[in-house]
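1. sequence and computational prediction follow.
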Amino acid sequence: MNRSAGRRSEFRRVLRSAWGTGRRRAGAAFTVAAVALGAFLAYWLVAPPSPGAVCRMAVTAIDRKDARGLLRLAHPDEVRRLNLTEAAVRGLLADTYWRNGPPTLSRIPLERLPQTPADQATFVSQDDMAFGMWITDSRTHGWRLNLSFLFFSFCKRAQGRESAARLEYAALCRRYGVAGLHDPLAVFHPVERIEARARELAAEGR
């Protein structure tokens, strides 16, 4: 009788041990799967998947006057260095593309220009409201919108001449506390340099 009870006790102990080990393994597997899924979702949400996707999101943000949405698409270094605050971007939107009323951009087709460098892409719309967007591939942040160049592109569309566009952009920078411009090669141009180059171009009739 005692021997039988001992065997039952030992059997229960083995079962409890096996059950505990199985639960620990299942818990570890679940944790690994959850971490992997979380990392994938975080990457998908933070890093836009392609230059075309960035352009489409930028068009939507412009169409909605969404300054915060545009800032999310820009490179953090550009935002920080140029002091592109939400208030500044909202003001730039109001004084450039939205200056003459509320255009609707969501139906404008976007097409990549041929012969652009492999790590960069320029997209433009194909109607009379055309403007350029420059998307740069960052090693640390994926495809990003060159936000200051987008606003300069708006100025160029409105003014036509390069010198007038530069002067208008520089005036807007001073109005909203923006430090300058990142050109398509990510070279920083302070406001003073933009104005000086505008005067040179004006003297050349450009």
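-> Structure's in. What do you need?
2. was I right about Val191 contacting Leu172?
-> No - at 9.7 Å, Val191 does not count as touching Leu172 under the criterion of CB atoms under 8 Å. In short, each C-beta sits where N, CA and C put it, glycine included.
3. any common contacting residues for the two?
-> Val178 (CB atoms under 8 Å, 6 or more residues apart in numbering).
4. neighbour count for the two, which is higher?
-> Leu172 (20 against 17; other CB atoms under 10 Å).
5. what's the first helix or strand after the helix or strand of the chain with the lowest mean pLDDT?
-> Among the helical and strand segments of the chain, the one scoring lowest on mean pLDDT, DSSP states H and E is strand 120-125, with a mean of 56. Downstream of strand 120-125, the first helix or strand assigned by DSSP states H and E is strand 132-138.
6. so for whichever helix or strand comes after that next one, mean pLDDT?
-> From strand 132-138 onward toward the C-terminus, using DSSP H and E, the following helix or strand is strand 142-145. For strand 142-145, the per-residue pLDDT values average out at 86.
7. can you list the domains in this structure?
-> Using automatic domain parsing, the domain ranges for the chain come out as 1-46, 51-203.
8. which of those has the lowest average pLDDT?
-> The weakest mean pLDDT among the domains of the chain belongs to domain 1-46, with a mean of 58.
9. Phe152 versus Tyr169, what's the distance?
-> 5 Å (CB to CB, to the nearest Å).
10. neighbour count winner among the two?
-> When neighbours are counted by other CB under 10 Å, Tyr169 and Phe152 differ, and Tyr169 comes out ahead with 29 against 26.
11. for that one, pull up the helix or strand it's in.
-> Going by DSSP H and E, Tyr169 is in helix 162-176.
12. what sits up against that helix?
-> By CB under 8 Å, 6+ apart, helix 162-176 touches 87-88, 91-92, 95-96, 151-152, 155-156, 158-159, 178-181, 191, 194-195, 197-199, 201-202, 206.
13. which of those residues fall in strands?
-> If you go by DSSP state E, the contacts of helix 162-176 have 180-181 in strands.
14. can you flag the buried ones in the contacts of helix 162-176?
-> 88, 91-92, 95-96, 151-152, 155-156, 158, 178-181, 191, 194-195, 197-198, 201 (16 or more other CB atoms under 10 Å).
15. what about Val187, how many neighbours?
-> Val187 has 8 nearby residues by other CB under 10 Å.
16. relative to Glu86, how far out is Glu168?
-> 22 Å.
17. when those two are compared, which one has more neighbours?
-> Glu168 (20 against 13).
18. tell me how far the closest residue to Ser50 other than its chain neighbours lies from Gly52.
-> The shortest distance from Ser50 to any non-neighbouring residue, by CB to CB, 6 or more residues apart in numbering, is to Trp143 (6.4 Å). To Gly52, Trp143 is 9 Å away according to CB to CB.
19. and the two? which has more neighbours close in?
-> Comparing Trp143 with Gly52 by neighbour count (other CB under 10 Å), the higher total belongs to Trp143, at 22 against 16.
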